[in-house]
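> here you go, sequence then predicted model.
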Amino acid sequence: MKLRRPRSSRRFRPADSAQQMVGGFLLAGPFVVTEEVWDLAGNMSLLQTLATVGVVFGIGYATLYKADTKRDQESERNIAGVPLRFLSLMAVSFGSAAILAVLFDAPDTFLESADTNREMVLVTFKTVSLSSVFSVVGAATADSLFSR
């Protein structure tokens with residue numbers, strides 16, 4: 001007779017990604033369509049942008065595994081040693097900001113004076129990283145509040 005380990009109620013499910021998406025899109029939207037955010041991103045250096053990406057990762061990790069003491073990172077399913085829940089959170093955080101930016105045609109609207117496509121892509125990346133700071137808060141909060 002084979003004994004099964006009881007299923008954890010905190011196990012990552014597709015519904016958790018859906019909850020992350022709701023929170024991520026909810027908080028990314030207002031920032032992706034704001035001219036001031038695009039101006040701010042346009043003036044950021046590449047180092048500031050990479051630091052912002054690091055902040056997004058830090059907020060996401062801290063919210064999932066430090067603020068929520070009931071969640072055990074070690075018991076979660078991993079891909080290459082990284083928890084699937086965390087990978088999903090990062091994909092949702094950056095993805096929701098990128099999708100909304102493209103969907104709302106924000107780069108063409110706010111970067112009319114961009115000299116090259118390269119410049120447009122770079123500023124869009126910076127804006128997505130900046131908007132993801134807020135998106136990750138919404139996505140991680142929704143994941144923590146609504147996961148069982």
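Structure's in. What do you need? Residues are numbered from 1 along each chain as shown.

> just the strands in this structure please.
78-79, 82-83 (DSSP state E).

> residues near the residue lying closest to F31 once chain neighbours are set aside, how many?
The spatial neighbour of F31 that comes closest, neighbours along the chain excluded (Cβ to Cβ, 6 or more residues apart in numbering), is S131 at 4.2 Å. Every C-beta, even on glycine, is put in place using the N, C-alpha and C of the backbone. By the criterion of other Cβ atoms under 10 Å, S131 has 32 neighbours.

> contacts only, for S129.
Contacts for S129 were tallied using Cβ atoms under 8 Å, 6 or more residues apart in numbering; they are A41, T49, T52, V53, V56, F94.

> looks like the second one contacts F125 (just checking).
Yes: in this structure T49 lies within contact range of F125 using Cβ atoms under 8 Å: 7.0 Å.

> hang on, the earlier thing: I'd say the residue nearest to F31 and L40 touch.
No: counting by Cβ under 8 Å, S131 stays clear of L40, with 10.5 Å between them.

> against G81, how distant is the residue nearest to F31?
Distance check for S131 against G81: by Cβ to Cβ, to the nearest Å, it reads 28 Å.
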